[in-house]
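Trainee: Coordinates only, no sequence provided:
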């Protein structure tokens, strides 16, 4: 019996991080898939951010609330009855309400703009299940996005030109014009 219990404990310590990591990596991959559509650099996972996300997800799941925390990061929250990775699609779907011609913050598109925020380099993610079976998801981003006055250069349209490339394109046009 002791051998089986020790073996089960060993398996738990080996498999639990892998299962948890799969969720984190799936959310990261979804973010980066959407960011690529907007020529926005990939995010990387930050273990400290993820740890804080997991703790906060437990807190809001216990309260059944979606109250934002306060910190030096951007934050997206979501609650689902099933597949928590679908939160990323839900946040991205806010794009339909975002006006790229008048880039600014809106509470209707804040999740979308944060997940695509070009200057954000790292993210963390965590989840927790409430007593009612709902799954609460917390994603945090560093540096924080949704900075007033910085939307145009940080939230690019689909297939958007990278800001550093736009200068090269402009330079090529000038050269072509001068040497015509």
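Mentor: Received it, and whenever you're ready, just let me know what you need. On a predicted model such as this, the values are computed, not experimentally measured, just so you know. Numbering: from 1, shown residues only.

Trainee: can you tell me which residues contact the most centrally placed residue in the chain?
Mentor: The geometric centre of the chain, computed from its C-alpha atoms, lies nearest to residue 115 (Cα atoms, centre = their mean), at 4.4 Å. The contact partners of residue 115, taken as Cβ atoms under 8 Å, 6 or more residues apart in numbering, are 31, 34-35, 76, 88, 91-92, 139, 141. Where you see a C-beta, it was placed from the backbone N, CA and C, and this is true even at glycine.

Trainee: Sort out for me which of those residues are in strands.
Mentor: In this view, these that belong to strands under DSSP state E are 76, 139, 141.

Trainee: circling back to that earlier point, and the residue nearest to the centre of the chain, how far from residue 133?
Mentor: Residue 115 sits 26 Å away from residue 133, taking Cβ to Cβ, to the nearest Å as the criterion.

Trainee: part of a helix, is the residue nearest to the centre of the chain?
Mentor: Yes - read with DSSP: H, G, I helix; E, B strand; the rest coil, residue 115 is one of the residues of a helix.

Trainee: How much space separates it from residue 100?
Mentor: Separation of residue 115 from residue 100 (Cβ to Cβ): 15 Å.

Trainee: Residue 32 too?
Mentor: 20 Å.

Trainee: What of residue 106?
Mentor: Going from residue 106 to residue 100 by Cβ to Cβ gives 12 Å.

Trainee: next one: residue 28
Mentor: Separation of residue 28 from residue 100 (Cβ to Cβ): 25 Å.

Trainee: Neighbour count for the two, which is higher?
Mentor: residue 28 (20 against 14; other Cβ atoms under 10 Å).

Trainee: Got the confidence number for that one?
Mentor: Looking at residue 28, its pLDDT reads 98.

Trainee: Can you classify it as helix, strand or coil?
Mentor: helix.

Trainee: Spatially nearest residue to it, not counting backbone neighbours?
Mentor: residue 45 (5.4 Å; Cβ to Cβ, 6 or more residues apart in numbering).

Trainee: measure that neighbour to residue 141 for me?
Mentor: With Cβ to Cβ as the criterion, residue 45 and residue 141 are 11 Å apart.

Trainee: anything in contact with each of those two?
Mentor: 122-123.

Trainee: who's more crowded, these two?
Mentor: Between residue 45 and residue 141, residue 141 has the larger neighbour count (other Cβ under 10 Å), namely 25 against 16.

Trainee: just checking, that one touches residue 74?
Mentor: Yes - counting by Cβ atoms under 8 Å, residue 74 is a contact partner of residue 141 at 3.9 Å.
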